[in-house]
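S.K.: my questions are about this predicted structure, shown below with the sequence.
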Amino acid sequence: MVRFAREEELDRVNELRKEVNDLHVEGRPDIFKPGFNDVLRDYIHEIWKDPGKEIVVSEKDGRICGFAVLNCISKPENPFMFARDFLDVDEFCVGKKYRRQGIAREMIDFIKEFAKEKGFQRLELNMWEFNEGALKFYESVGFKTYRRYMDMDL
Ligand SMILES: CC(C)(COP(=O)(O)OP(=O)(O)OC[C@H]1O[C@@H](n2cnc3c(N)ncnc32)[C@H](O)[C@@H]1OP(=O)(O)O)[C@@H](O)C(=O)NCCC(=O)NCCS
């Protein structure tokens, strides 16, 4: 079942956030700090209190097995761009033990419904290029790359 998180579930959500952080550290140790420091841990409570953000969880047999953080974004017009609103999927993870069972797909379906109810016409997210499994997943549920970050070691 996919639904919004309850406050008492945030410690479990943090276990999943740590999994994502570890994956990022492994993929880009030059950028991501190892471990899961107190600031990262406590940030989930800031997200919880923020009226522009939502925490979604997937629960199976009483266990939280996946989560997503959603961010309602409203960008004002600027000289280059029109104003645009979109729902940003800021963090997203299914616990290692629960993968390839369709849980992430179910969460995306829930997020799409929520976004439509809120009047959004686009979902957006960004991800790290080393994370091939995530790319395959996002493409399999319909996301397309519309912008790239590139870098070069010197
Ligand atoms: C990416 C992730 C969310 C996918 O979750 P999941 O619940 O395993 O995904 P689903 O079971 O819903 O997969 C749906 C489809 O996506 C594709 N897919 C999912 N994971 C894949 C992988 N690792 N490699 C290739 N294709 C993949 C497949 O087509 C899959 O269908 P199938 O299992 O019938 O072949 C999960 O692997 C994860 O949390 N990874 C670590 C954290 C992360 O990378 N988060 C996102 C970036 S911050």
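M.R.: Arrived safely, thanks for sending. Numbers count the residues shown, from 1 in each chain.
S.K.: on the three-state scheme, the most centrally placed residue in the chain is what?
M.R.: Geometric centre of the chain, nearest residue: residue 91, 2.1 Å, by C-alpha atoms, centre = their mean. State at residue 91, reduced to three classes by DSSP: H, G, I helix; E, B strand; the rest coil: strand.
S.K.: isn't it right next to residue 19, touching?
M.R.: No. In this structure residue 91 lies outside contact range of residue 19 using C-beta atoms under 8 Å: 10.8 Å. Any C-beta I mention is one placed from the backbone N, CA and C, and that applies to glycine too.
S.K.: now for the longest strand anywhere in the chain, which elements pack on it?
M.R.: Assignment by DSSP state E gives strand 63-75 as the longest strand of the chain. Contact here means 3 or more C-beta pairs under 8 Å, 6 or more residues apart in numbering; DSSP states H and E; on that basis strand 63-75 packs against helix 10-27, strand 53-60, strand 84-94, helix 103-117.
S.K.: one more time with 10 Å
M.R.: Where contact means 3 or more C-beta pairs under 10 Å, 6 or more residues apart in numbering; DSSP states H and E, strand 63-75 is packed against strand 2-4, helix 10-27, helix 38-49, strand 53-60, strand 84-94, helix 103-117, strand 123-124.
S.K.: mind listing what residue 28 touches?
M.R.: 128, 129, 130, 131, 151 (C-beta atoms under 10 Å, 6 or more residues apart in numbering).
S.K.: of these, closest to the ligand?
M.R.: Nearest to the ligand out of the contacts of residue 28 is residue 131 (C-beta to the nearest ligand atom; 5.0 Å).
S.K.: what does the chain have sitting close to the ligand?
M.R.: Counting by C-beta under 6 Å from any ligand atom, the residues of the chain lying close to the ligand are 20, 23, 92-94, 99-105, 127, 131, 133-134, 136-137, 140.
S.K.: ok, 5 Å please
M.R.: 20, 92-94, 99-100, 102-105, 127, 131, 133-134, 136-137, 140 (C-beta under 5 Å from any ligand atom).
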